[in-house]
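Chemist: coordinates only, sequence not included:
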C-alpha cells in the first residue's frame, strides 16, 4: 500500500465552481501534513500546511481527519489560475516527506 | 533573495555513462533533500542532509546513486552507469531548520535527465 494516495483526476471544473480533493495516508503516526501545488513542468511549491483543527487561507480550506487518516483540500470560487496539480504531502515522523502522485485540476472558462 | 538553483536544467546521456547533478540551496538553509519525479509518479525521496550529521540515504534506489554535500552548502548527486529507468526529473529542496519535514521545503527547478 502506498504511503499517500490521491485520486489523480483530472478534475475539470468551470470558473467559480467549488472543488474538493481528498488524500489518504497509511501511517497513523504521521505528524504533519501539507498541500503543495505543482504547475506543469515546474517545481512544487507549498500551498498550505494542514492543522488538526482545520485551516483556511482565502479560498482554500484544508482539513485533517486523523481517525480516518485522510486530508482534504477545498477550493471555492475556482479561478483559471488555480489550474495545476495538487500534491498531498505527509511527514511520517522521519526526515523525509511522502508525496502523493497529485490530483490534476483544470479550471475551464 | 535567490532560490534553490540546480544545474544542468536538462541532461541527455547514453546508457552506461555517469552523470553529476548539482544543487545550490538557499543560503543559510541547513537541510537539503533530493527527490526524483518520474512521469505520472509522485516525488520519490532519495537522500537528506542536515548540517554536519550523517545523511539519511534510505531512499537511494541502488548503489549506483550517491550524493555529497560539501561545506554544508552545495550538493552533488551522482548516478553511475546510468540506466534508462533513471530517466526522471531530479529535484532538490532546502529547508531552513532541522524539521523532520515540518518546515516548508523550497524546491529548485529540477534537472530533467534522459538516458538513451
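Modeler: Good, I have the coordinates. This is a predicted model, so every value here is computed, not measured.

Chemist: helices or strands up against the least confident helix or strand in chain A by mean pLDDT?
Modeler: Lowest on mean pLDDT, DSSP states H and E among the helices and strands of chain A sits strand A:98-99, with a mean of 90. Contacts defined by 3 or more Cβ pairs under 8 Å, 6 or more residues apart in numbering or on different chains; DSSP states H and E place strand A:98-99 against strand A:84-91, strand B:43-50. The way it works is simple: take the backbone N, C-alpha and C, and place the C-beta from them, glycine included.

Chemist: so can I have a markdown table of the ones you listed showing mean neighbour count, distance to residue A:18 and mean pLDDT?
Modeler: Shown next, in a markdown table, are those (neighbours: other Cβ atoms under 10 Å in any protein chain shown; distance: least, Cβ to Cβ, whole Å; pLDDT from 0 to 100):
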| stretch | mean neighbour count | distance to residue A:18 | mean pLDDT |
| --- | --- | --- | --- |
| strand A:84-91 | 24 | 14 | 94 |
| strand B:43-50 | 22 | 28 | 91 |
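
Chemist: mind giving me JSON lines with those and columns for distance to residue A:62?
Modeler: Converted to JSON lines, these look like this (distance: least, Cβ to Cβ, whole Å):
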{"stretch": "strand A:84-91", "distance to residue A:62": "10"}
{"stretch": "strand B:43-50", "distance to residue A:62": "19"}
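
Chemist: on that earlier part again, need the contact partners of the least confident helix or strand of chain A.
Modeler: A:3-4, A:25, A:36, A:44, A:87-92, B:35, B:42-45 (Cβ atoms under 8 Å, 6 or more residues apart in numbering or on different chains).

Chemist: Then stretch B:14-23?
Modeler: B:4-8, B:11, B:13, B:32, B:34, B:74-84, B:90, B:92, B:94, B:108, B:111, B:113, B:115-116.

Chemist: partners of the spatially most central residue of chain B in the sheet?
Modeler: By Cα atoms, centre = their mean, chain B has its centre lying nearest to residue B:34, at 3.0 Å. Counting by DSSP bridges, residue B:34 is bridged to residue B:47, residue B:92.
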